[in-house]
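Asks: I would like the atomic coordinates for the input below:
(4 chains)
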Number of protein chains: 4
Amino acid sequence: MSRLKPSAFPALKQFVTATSGRDMTKAAYIAVSCGVAMMVVLTIDPAYAAIHYCIDAVLWGCLAFFILEWVIRLRHAFDTGQHRAYIFSFRGLVDAVSALAVPLALLAGVSLRSAWLFGAFWMLKVVPGIPGLRQLRRVLVLESGPLLSVLVIFLLVLFMASVAEFVLEHDVQPAGFGSVPAALWWAVATLTTTGYGDVVPITPLGRIIAAGVMICGLGVFGLWAGILATGFAAETRRDNFLRSWESVRKVPFFATLGPSAVADVTQMLRTIDIPARTTIIRKGQPGDCMYFIANGEVEVDLPGKKVTLGEGAFFGEMALLGNNPRTANITTTRVSQFLVLDLVDFRLLMARHPDLAETIDAEAKRRLQENN
Amino acid sequence: MSRLKPSAFPALKQFVTATSGRDMTKAAYIAVSCGVAMMVVLTIDPAYAAIHYCIDAVLWGCLAFFILEWVIRLRHAFDTGQHRAYIFSFRGLVDAVSALAVPLALLAGVSLRSAWLFGAFWMLKVVPGIPGLRQLRRVLVLESGPLLSVLVIFLLVLFMASVAEFVLEHDVQPAGFGSVPAALWWAVATLTTTGYGDVVPITPLGRIIAAGVMICGLGVFGLWAGILATGFAAETRRDNFLRSWESVRKVPFFATLGPSAVADVTQMLRTIDIPARTTIIRKGQPGDCMYFIANGEVEVDLPGKKVTLGEGAFFGEMALLGNNPRTANITTTRVSQFLVLDLVDFRLLMARHPDLAETIDAEAKRRLQENN
Amino acid sequence: MSRLKPSAFPALKQFVTATSGRDMTKAAYIAVSCGVAMMVVLTIDPAYAAIHYCIDAVLWGCLAFFILEWVIRLRHAFDTGQHRAYIFSFRGLVDAVSALAVPLALLAGVSLRSAWLFGAFWMLKVVPGIPGLRQLRRVLVLESGPLLSVLVIFLLVLFMASVAEFVLEHDVQPAGFGSVPAALWWAVATLTTTGYGDVVPITPLGRIIAAGVMICGLGVFGLWAGILATGFAAETRRDNFLRSWESVRKVPFFATLGPSAVADVTQMLRTIDIPARTTIIRKGQPGDCMYFIANGEVEVDLPGKKVTLGEGAFFGEMALLGNNPRTANITTTRVSQFLVLDLVDFRLLMARHPDLAETIDAEAKRRLQENN
Amino acid sequence: MSRLKPSAFPALKQFVTATSGRDMTKAAYIAVSCGVAMMVVLTIDPAYAAIHYCIDAVLWGCLAFFILEWVIRLRHAFDTGQHRAYIFSFRGLVDAVSALAVPLALLAGVSLRSAWLFGAFWMLKVVPGIPGLRQLRRVLVLESGPLLSVLVIFLLVLFMASVAEFVLEHDVQPAGFGSVPAALWWAVATLTTTGYGDVVPITPLGRIIAAGVMICGLGVFGLWAGILATGFAAETRRDNFLRSWESVRKVPFFATLGPSAVADVTQMLRTIDIPARTTIIRKGQPGDCMYFIANGEVEVDLPGKKVTLGEGAFFGEMALLGNNPRTANITTTRVSQFLVLDLVDFRLLMARHPDLAETIDAEAKRRLQENN
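Replies: Here you go, the predicted model:
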């Protein structure tokens, strides 16, 4: 191992740096996709019979990749002294399970074909990369009070209904309602309005109670949706504000504003990230927003010349001022971040801050003269 | 073809002008309806046996219509030099598929009766005409982040549950849970709370996992609804503001307002379009809003005379000022656009802009005197 | 008939006055309940065999009641010259159908037992009395644009999926997917996530499409809920404002406020109607709101004496000022209408309008001294 | 009994004091859990056969506990003269039913095994302890108008559809649609989108009506969710304000604010309760909120010394001011209550109240100097 180090490790370290970031590398995503796809195919008997060498090969490859990834990350974590934090983080645990589940199953004497099913845990590697997960979690945490209440009510209805149906139906249908756990199975399928129909009450009173359970199911749904809608409304506003705040301060255009007006403006702006060489504005199209460059650069494709606008500049205001279509193509030259000001908010902003309106107006006129 | 041009094309060009607008012409809607209806009837064996000449005739007619429509639009697009934009637009693609799918199927050797099933694509012609589609799309785009997160979570639960149920049930129920894809079929029907009941877990542990999946289904529903509710609230406000803004500036009554007050007023108004010869206000009914004419004309049916109010005028304020019923019938003379000010907002507006209140009050008194 | 008039009609006219109001009389509600209940019982063979005389008697009675009601209302409408408005109103049509459906069915030769089933229309008499119906209808009208879009998308998915499943499944399952209408039956049960399970796709591709349909079903649900949530939020605010506005002006306490402050206050208040001899405030309970009397009278049960407060007075402020429990029982003496000011809004109001705060404080001190 | 009193009652009184609070004691929760679990197990024949002595013992124990609890609470209520309030409160009724249901069933001659099923009522003891129940109930009460409307519409659709399906299907399927009550069973399973599939219409017209019922089901869902979402949004805001209000006044930092600003600040703050010896802030983590101590004490773990902050102090502001990570661990020393000011609101607050900003800034600088 010590021999390998000097030559192989620099490349591996590079790999680590790439994979230890917030987003999974493409390689890992590909490995997860291939591995899970093969794991699914493996369970289909004729497919397995036909191509099981191929399936096994891919799965062994994926497993090797995950073990390697885990070992390298572990090593990296020990090197930087953050091994405790890494090992007990969600990421670290998933890496460990992904690497160890299949080998441990094999050691425990499980057949190879069955052991591969533990590859299902590989899917969890996708979780840290889900974009809106943080936002989702915050909503669930902040609204946990009412959500838990609804859950408790859900469980209460579930249990009470099961006992009632057990009492009413167990003589008539000993197969479906022979015990309270069996009745619970019916109750959960009914209360969630899934309704398999494998067990169905047949006594009149049992059906009346079942109808009540179904209507409660609607109510639980409604409450759940209502609570989450409330949480999301607040969270979306907050998230947007946070992302825009830093960028607003980088735009000199807003530098003259007082702190209260900056807060006001920030609530109106939306941040978007756009890759390089993407056309943001297309000539001739109707315009419903203007852009401030928080980060990056754009090229304006004027007739006969190309103008470059850098950090802090704005564009797209002409369409908003006169209800004209866009007058030029505008393309990013590199990955850029923009603050988008929607037509509605543009008007509100112009109304509330006439000085900003004048600055934009003057710039628009200057550009118009220059273009002609 | 060159011979046909001088005589037939002017009429066709007219047709093109009519059909190239934003809304489909009535003819196209009728063709879509008839075509799809016939296509449905065609699949019913006894009906097809009885009237297949009639069905085929209608379908050939529809197909001819769609081919003609496409050819004319294509030609028109080439004439105006916008053929690339047209061909690759959603509209252009739908037109092409509507015109070509059935003939290509026939060329490929499909029987006529089966080929007509490609007429299902004709339905897509309705899509560009759906009224709130733009609004719906904006909500989906703006909320795509959290919606995608929910989708990824949905898929994760789906896969993990399928693998778990496969492990637990495939020995007991080889028919229903014989492979992971088969288990996925059960999982998707359960997680969406559809619950066909064709495949149902029967082992105790399998049922407990199934219960968890159902409850997750409720959660996914709730999250989805919550996210969309948040998006819609913002979008509705925006849409309303945009539609009202232009109209507000046409009403001289609001001309004296400063830009900040205009923005304020715009948020309160709702734009409605009303066809010609429609009675907006009926004498004797209670009134809960007043109207500003943004566009068009109305006739006030006073006892003994008819008064005409044109663009920029307002009416219906008397009922709001004194809580009286409406005092006259008011009817549009042509297609008109109104800005509606609801009773609630009327009061808020009067409270915030006393000068507007005075103008309205003075006008109301003048009218009252005139009427008596 | 002319003979009957002088003696019987005054009583009937009274009856008409009572029943022509906005709410159905209790008699009509009882008739509807009994009639529908009997109609339901009538369809159960053993019950009908046992007590069909009794059932028929009740149903004849209900029918007589509805015919009488209709005739009297018609006559009343003719007397007041509003017969056209009445006959073509929803109420008038329901009255006519309720009175005529069963007799016409009998005339058409339907057996008595089957004819009674037309009594189902009697249920429609309940519709005009539903409390929040106006609000619900306004939401549906105002949000009709996006709701229709969702409906069109729903229908598109329904049709496309049906045709696809018909193509994929009709050879394998001629019973379930033998024609597009049959496939539509499957599609509607799937897209609404009802999932009867009587028809289920079995080909792999058919199942993948079905999974897509189920997920679309979730989406449609979410959109629907989101749109309606947005509409309801706006409507609830509006409804509340309208009901409070008139009452606020009757309370002298708010008379000193400027119009802008009145609008402000109105948004904070909630109107409630309370029947006579009801205890609103119970001594010793914690208080979280105060009341203004918009209409009616209350009795304060102080130790040793009873104080009466009339229109425009307020009470319950002491608990809010000092976080004390309620100090006395307060009971309505007749049907009264109150404006409720919630603790939260009380504090916001006190913060924004210090003069109101002083008035309330002074009154509270005066009362405290008086009580001791 | 009088003999027992002197010795045993002090301990029991202690027990009463502990259990008569708002939250159930842990003992009661354990008793409910064990009791219900045993009651469930009891219904499984093999399990009962194997361990019925054990099950009976646990259940007798639970029953004894609940009887004892009820007797003690009753006595306590009589002692304090609040017996009427207690007996007729929800809590009192549940206590009575929990204690008496099983014994009464035994007295009525029910077998022991069946009598234990009345233990299902024990679950109701959990209800008063559900955290967000008050909030939930307020939403349901305030929105009861529209919710009831939806319920009435739900019932109307249910009945009309049942009668229609009875008429259409009862000749074809006498088993499933033989009477209106039988058809109601189908209708409720369909309208709630449960869809058991045990009874399914098979006539074409019956299926079209069923499709309409399913779509109505979606609508009812959507309305329900929409109404509840609206209610929750208002209620969450209110609840938060109420909880923060009292705490804000305890923080000297806000003492200089006018009442209007206090209301403003209160709307921004969130109250949280944190148990003793919990680390609130961890060194090195990014900070997105600051804390005011409303109640309790925290220890700041600075290098070389420990600083204690008491009621009214604030911390965590440094991370917000400079976007730095947290600079120290901060741990509660006892149960404490904090007011949390989110980053977004922090910025809005600083913008609106520059004087607060200066105070925080000065304190942050002082601390920074002290630490270095």
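Asks: Report the central residue of chain A.
Replies: residue A:131 (2.9 Å; Cα atoms, centre = their mean).
Asks: From chain C, how far out is the residue nearest to that one when sequence neighbours are not counted?
Replies: Spatial nearest neighbour of residue A:131, chain neighbours left out: residue B:145 (5.2 Å); criterion: Cβ to Cβ, 6 or more residues apart in numbering or on different chains. (Glycine included, C-beta is placed from N, CA and C.) To chain C, residue B:145 is 15 Å away according to Cβ to the nearest Cβ, to the nearest Å.
Asks: Could you report the neighbour count for residue B:145?
Replies: Residue B:145 is flanked by 17 other residues according to other Cβ atoms under 10 Å in any protein chain shown.
Asks: Please confirm that it is located within a strand.
Replies: No. With DSSP: H, G, I helix; E, B strand; the rest coil as the criterion, residue B:145 is helix rather than part of a strand.
Asks: How about the stretch 1-150 of chain A: which residue is closest to chain D?
Replies: Nearest residue of the stretch 1-150 of chain A to chain D (Cβ to the nearest Cβ) works out as residue A:149 at 3.7 Å.
Asks: does that residue belong to a helix or a strand, and which?
Replies: Assigned by DSSP states H and E, residue A:149 belongs to helix A:144-169.
Asks: List the buried residues in that helix.
Replies: For helix A:144-169, the neighbour count (16 or more other Cβ atoms under 10 Å in any protein chain shown) marks A:145-147, A:149-154, A:156-169 as buried.
Asks: How about stretch A:110-121?
Replies: Buried residues in stretch A:110-121 (16+ other Cβ under 10 Å): A:115-121.
Asks: Report the mean confidence score over that stretch.
Replies: Stretch A:110-121 comes out with an average pLDDT of 90.
Asks: touching chain B at all, the helix or strand hosting residue A:225?
Replies: For residue A:225, the element it lies in under DSSP H and E is helix A:204-250. Yes. Using Cβ under 8 Å from any Cβ of the partner chain, helix A:204-250 reaches chain B at A:220-221, A:224-233, A:236.
Asks: out of those residues, which touch chain C?
Replies: A:225-226, A:229.
Asks: Just the buried ones from the residues you listed, in PyMOL syntax?
Replies: Selection of the buried residues among those in PyMOL, burial being defined by 16+ other Cβ under 10 Å:
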select buried, chain A and resi 225+226+229
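Asks: any chance of the ones next to chain C among the residues of helix A:204-250 next to chain B in a markdown table, with distance to residue C:352 and pLDDT too?
Replies: Converted to a markdown table, those look like this (distance: Cβ to Cβ, whole Å; pLDDT from 0 to 100):
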| residue | distance to residue C:352 | pLDDT |
| --- | --- | --- |
| A:225 | 34 | 82 |
| A:226 | 30 | 83 |
| A:229 | 29 | 81 |
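Asks: Among the ones next to chain C among the residues of helix A:204-250 next to chain B, which one sits closest to residue A:137?
Replies: Nearest to residue A:137 among these: residue A:229, at 16.8 Å, using Cβ to Cβ.
Asks: The closest one is in contact with residue C:226, isn't it?
Replies: Yes. With contact defined as Cβ atoms under 8 Å, residue A:229 counts as touching residue C:226 (7.4 Å).
Asks: Show me whatever sits in contact with both of the two.
Replies: The contact sets of residue A:229 and residue C:226 overlap at B:225-227, B:229-230 (Cβ atoms under 8 Å, 6 or more residues apart in numbering or on different chains).
Asks: where does chain A have low pLDDT?
Replies: A:1-25, A:372 (pLDDT under 70).
Asks: At the contact with chain C, which residues of chain A appear?
Replies: Residues of chain A lying near chain C (Cβ under 8 Å from any Cβ): A:193-197, A:225-226, A:229.
Asks: how about 7 Å then?
Replies: Within chain A, the positions adjacent to chain C are A:195, A:197, A:225, A:229 by Cβ under 7 Å from any Cβ of the partner chain.
Asks: is it fair to say residue A:338 lies in a strand?
Replies: Yes. Under three-state DSSP, residue A:338 falls within a strand.
Asks: and the nearest residue to it once chain neighbours are set aside, how many neighbours?
Replies: Closest residue to residue A:338 apart from its sequence neighbours, by Cβ to Cβ, 6+ apart: residue A:291 at 4.6 Å. By the measure other Cβ under 10 Å, the count of residues near residue A:291 is 22.
Asks: isn't there a strand covering residue A:291?
Replies: Yes. Checked against three-state DSSP, residue A:291 lies within a strand.
Asks: and the residue of chain A most remote from its centre, helix, strand or coil?
Replies: Residue farthest from the centre of chain A, counting by Cα atoms, centre = their mean, is residue A:171 at 49.6 Å. With three-state DSSP as the basis, residue A:171 sits in coil.
Asks: For it, give me phi and psi.
Replies: When read as degrees, to the nearest 10, the backbone of residue A:171 gives phi -80, psi -40.
Asks: With the one 4 residues further on instead?
Replies: Here is the backbone geometry of residue A:175 (degrees, to the nearest 10): phi -70, psi -50.
Asks: Any idea how many residues pack against it?
Replies: Neighbours of residue A:175 (other Cβ under 10 Å): 9.
Asks: ok, now residue A:315?
Replies: Look at residue A:315: counted by other Cβ under 10 Å, it has 23 neighbours.
Asks: Identify the residues contacting it.
Replies: Residues near residue A:315 by Cβ atoms under 7 Å, 6 or more residues apart in numbering or on different chains: A:290-291, A:298, A:300, A:309, A:330.
Asks: Determine which two of these are furthest apart.
Replies: Across the contacts of residue A:315, the longest distance by Cβ to Cβ is 13.4 Å; it joins A:290 and A:300.
Asks: Tell me which stretches of chain A form helices.
Replies: With helices called from DSSP state H, chain A shows them at A:4-19, A:26-42, A:45-79, A:83-87, A:90-107, A:112-115, A:133-142, A:144-169, A:180-191, A:204-250, A:259-268, A:317-322, A:343-352, A:354-371.
Asks: Buried deepest among those, which one?
Replies: helix A:180-191 (a mean of 25; mean count of other Cβ atoms under 10 Å in any protein chain shown).
Asks: any residues touching that one, and which ones?
Replies: Contacts for helix A:180-191 (Cβ under 7 Å, 6+ apart): A:154, A:157-158, A:161-163, A:165-166, A:176-177, A:195-196, A:199, A:210, A:213-214, A:216-217, A:220, B:195, B:207, B:211, B:214, D:40, D:43-44, D:194.
Asks: angle of that helix against helix D:45-79?
Replies: Helix A:180-191 and helix D:45-79 are oriented at 80 degrees to each other (axes from the mean of the first three to the mean of the last three Cα atoms, to 10 degrees).
Asks: just the angle between helix A:180-191 and helix A:204-250, please?
Replies: 60 degrees.
Asks: For helix A:180-191, list the C-alpha coordinates in CSV.
Replies: Taking C-alpha atoms only, helix A:180-191 is exported to CSV below (Å, rounded to 0.1, in the frame of the first residue of the first chain):
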residue,chain,number,x,y,z
VAL,A,180,-57.2,-6.6,15.4
PRO,A,181,-54.0,-6.6,13.4
ALA,A,182,-55.9,-8.0,10.5
ALA,A,183,-58.5,-5.3,10.9
LEU,A,184,-55.7,-2.7,11.1
TRP,A,185,-54.6,-3.7,7.7
TRP,A,186,-58.1,-3.0,6.4
ALA,A,187,-58.2,0.3,8.3
VAL,A,188,-54.9,1.6,7.0
ALA,A,189,-55.9,0.8,3.4
THR,A,190,-59.2,2.5,3.9
LEU,A,191,-58.1,5.6,5.9
